[in-house]
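Peer 1: I need the structure of the sequence given here:
(chains A and B)
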Amino acid sequence: MVTPNATISGWGGILVLGLILTFGSGCALSAKQKAAINQFSDSAATLGDVTSSELATMRSGAIKMTIERLLLGGKSKDPNLGDQATLDRGFELNRMESVVGATRTLAAYGKTLSALVDDTQSDELNAASQEFVASLGQISEAQKRLTDEQLEDIGAAVQEIGTFWIDWKRKRAVTTVIRHSQQAVDNLCDLLIRDFDPQKGWVALQLQVIENPLLAESTNALYDGASYYEREVALGAFRLAHGSKMRRTEVLTRIVDAAVAMKQANTAIVDAIDRPGLSTQDIRTFAERAQSLKNVANLIVTD
Amino acid sequence: MAKSLGEEISMALSNITALIIKTDDKNERTQLTRQQAKLAGQLQIFVDQTVDEALPEYEEATEALNAANGEAASAKRKLDKIASSIKKFSQAITKLESLAEKVT
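Peer 2: Just a heads-up that it's a prediction; the model follows:
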């Protein structure tokens, strides 16, 4: 004779086995895939955040340098350079808004992707399945037919089904998002590689436009300075120009390196989702470059 | 490979700045500083033109990435709903049971 207990555990077993076979074999992200996506998304967030913050620092540095040049040399010697009415010349808000908007969106992309991959649902599911069992236990018919152990089994099955379902949906969502955003991420990397190039990108050239005239005026002030105070003021201006030059060379180089690495990692991450065993070296390289950018940005003194 | 106009002006600007730093003669420095300002002004015009062309590209990139972010955020919300759906189901069972008790 088939008891109700046997029936339940039999059906439950078949159900769980079926789910394991259906969802367990390659329908969820593997630990290695999750780690690769996390490393990629964290690095994207770092590249986006540090670049945004460096652009803001460049803007405030540009204003300080223009003020210092005007203090030392008086009226601008060329009408195309910044003056008292256009202190932020070259780093105007509308320019910054467009570029920083893009880099912040890149950071947001990294953070959203990371949130999608992270398992924040285990505790929620556990609570939900316990609640489910408690409500099932309140039904008088169920109270008569089910033992505590059986109720617990049902709770465990609900949790497992939920976990499988979430993992399956998670993999599908992550795959879709990464595939759909591949072109957009590549395009933004190309823009960063072109415009942040420390030799010919417009960000570096813009910094040079502001830095070099300040270097000239501070040199004149230092050589012609008759007192300690005059020379001290001149050297303060040199320091500003030096900090900007550090950003122009060291930080911009690392932003470009990180963007080049991100473009390669962007291809690698799509491959890593399709083929779980694939090497994730490109993603690790991107993580190293993003970390190097962060370290250097922290090292350069901001006045 | 030929250098771009921006690179040419940039190099000239660097060279003239180096000369200003090396020159002791005040008159020479004054002349060099004026020439340097003109070069810097020309480089500013070049940068302005470059940036004007670049900004729409950043706006396009932002829009495309924002769409991806929206897709990811929506997927995350759907995942978060699974646990709450089970909870809602539990609440529905409880309500049904109390309703059944009232009817019988």
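Peer 1: Which residues of the stretch 151-300 of chain A lie near chain B?
Peer 2: A:158, A:162, A:165-166, A:169-170, A:173-174, A:176-177, A:180-181, A:183-185, A:187-188, A:191, A:195, A:199-200, A:202, A:204-206, A:208-209, A:212-213, A:215-217, A:219-220, A:223-224 (CB under 8 Å from any CB of the partner chain). In short, each C-beta sits where N, CA and C put it, glycine included.
Peer 1: Can you select the buried ones from these in ChimeraX?
Peer 2: Listed next is the ChimeraX selection for buried residues among these, using 16 or more other CB atoms under 10 Å in any protein chain shown:
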select /A:158,162,165,166,169,170,173,174,177,181,184,185,187,188,191,195,199,202,204,205,206,208,209,212,213,215,216,217,219,220,223
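Peer 1: Tell me which of the residues of the stretch 151-300 of chain A next to chain B fall in helices.
Peer 2: A:158, A:162, A:165-166, A:169-170, A:173-174, A:176-177, A:180-181, A:183-185, A:187-188, A:191, A:195, A:202, A:204-206, A:208-209, A:212-213, A:215-217, A:219-220, A:223-224 (DSSP state H).
Peer 1: element containing residue A:229, please.
Peer 2: For residue A:229, the host element (DSSP states H and E) is helix A:228-246.
Peer 1: what packs against the next helix or strand along the chain from that helix?
Peer 2: Toward the C-terminal end, the helix or strand that comes next after helix A:228-246 (DSSP H and E) is helix A:252-274. Applying 3 or more CB pairs under 8 Å, 6 or more residues apart in numbering or on different chains; DSSP states H and E, we find helix A:252-274 packed against helix A:31-73, helix A:148-195, helix A:281-299.
Peer 1: Let me have these in CSV, adding distance to residue A:249 and mean pLDDT as columns.
Peer 2: What follows is the helices and strands packed on helix A:252-274, written out as CSV (distance: least, CB to CB, whole Å; pLDDT from 0 to 100):
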stretch, distance to residue A:249, mean pLDDT
helix A:31-73, 13, 94
helix A:148-195, 16, 87
helix A:281-299, 10, 90
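Peer 1: Out of those helices, the one nearest residue B:54 is which?
Peer 2: Among the helices and strands packed on helix A:252-274, the nearest to residue B:54 by CB to CB is helix A:148-195 (6.0 Å).
Peer 1: Which residue, other than its chain neighbours, is closest to residue A:82?
Peer 2: Spatial nearest neighbour of residue A:82, excluding adjacent residues (CB to CB, 6 or more residues apart in numbering or on different chains): residue A:89 at 3.0 Å.
Peer 1: Let me see the contact set for the one you found.
Peer 2: By CB atoms under 8 Å, 6 or more residues apart in numbering or on different chains, the contact list for residue A:89 reads A:62, A:66, A:81, A:82, A:83, A:210, B:44.
Peer 1: Residue A:112 too?
Peer 2: The contact partners of residue A:112, taken as CB under 8 Å, 6+ apart, are B:69, B:72, B:73, B:76.
Peer 1: ditto for residue A:117
Peer 2: Counting by CB under 8 Å, 6+ apart, residue A:117 has contacts A:29, A:34, A:37, A:38, A:41, A:170, A:174.
Peer 1: Please repeat the previous calculation with a cut-off of 6 Å.
Peer 2: Going by CB atoms under 6 Å, 6 or more residues apart in numbering or on different chains, residue A:117 touches A:34, A:37, A:38.
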